[in-house]
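**Student:** Turn this into a structure:
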Amino acid sequence: MIAGLDPATRRATWRALTAALRPGGLLLFDPPPAHLPTGTEEAQRLGPVRVGPDLYLADVTREPHRGVLRTVFTYRVEREGTVLRQAREAFDLWPAPPGLLAEELRTAGLDVVRAPHPDLMAARRPAA
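**Tutor:** Sure thing, here's the model as predicted:
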């Protein structure tokens, strides 16, 4: 979610979250990518999942696009090797290195703390 916010909206979100958290409250979030890739990269494949005779899958790619990271999902439904339907949607993400995020969190009044998992970031509203 945070990655989908432009920098100004992200900073406003930190301020709103600081106000919403109780003293001592913990904020956990998936940080955005730290930087843009140098070119298009295959991110992952979702599925396949079989439902009756049909196979559902999605390919996810990431590419730099006008200073943001465009994540593209291409969904397919196949039957016996033939594509029945295909749809594509794209989401723009704003990369931010961890140091910049930590600075934004501190500016918003949160203390950066150790997250319970290396894929997450955490911040705590100081106790009253």
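**Student:** going forward, measure contacts and count neighbours with C-alpha atoms only.
**Tutor:** OK.
**Student:** tell me the contacts of Asp54?
**Tutor:** 77-80 (CA atoms under 8 Å, 6 or more residues apart in numbering).
**Student:** farthest-separated two in those residues?
**Tutor:** Val77 and Glu80 (10.2 Å; CA to CA).
**Student:** Give me the more crowded residue out of the two.
**Tutor:** Neighbour count, other CA atoms under 10 Å: between Val77 and Glu80, Val77 has more, with 20 against 9.
**Student:** Name the nearest residue to the more buried one, sequence neighbours excluded.
**Tutor:** Among residues not flanking Val77 along the chain, Tyr56 sits closest, at 4.7 Å (CA to CA, 6 or more residues apart in numbering).
**Student:** In contact with Glu104, which residues are there?
**Tutor:** Glu104 sits in contact with 11, 14, where contact means CA under 8 Å, 6+ apart.
**Student:** Double-check that it belongs to a strand.
**Tutor:** No - using DSSP: H, G, I helix; E, B strand; the rest coil, the secondary structure at Glu104 is helix, not a strand.
**Student:** Okay, and the beta partners of Gln44?
**Tutor:** Val60 (DSSP bridges).
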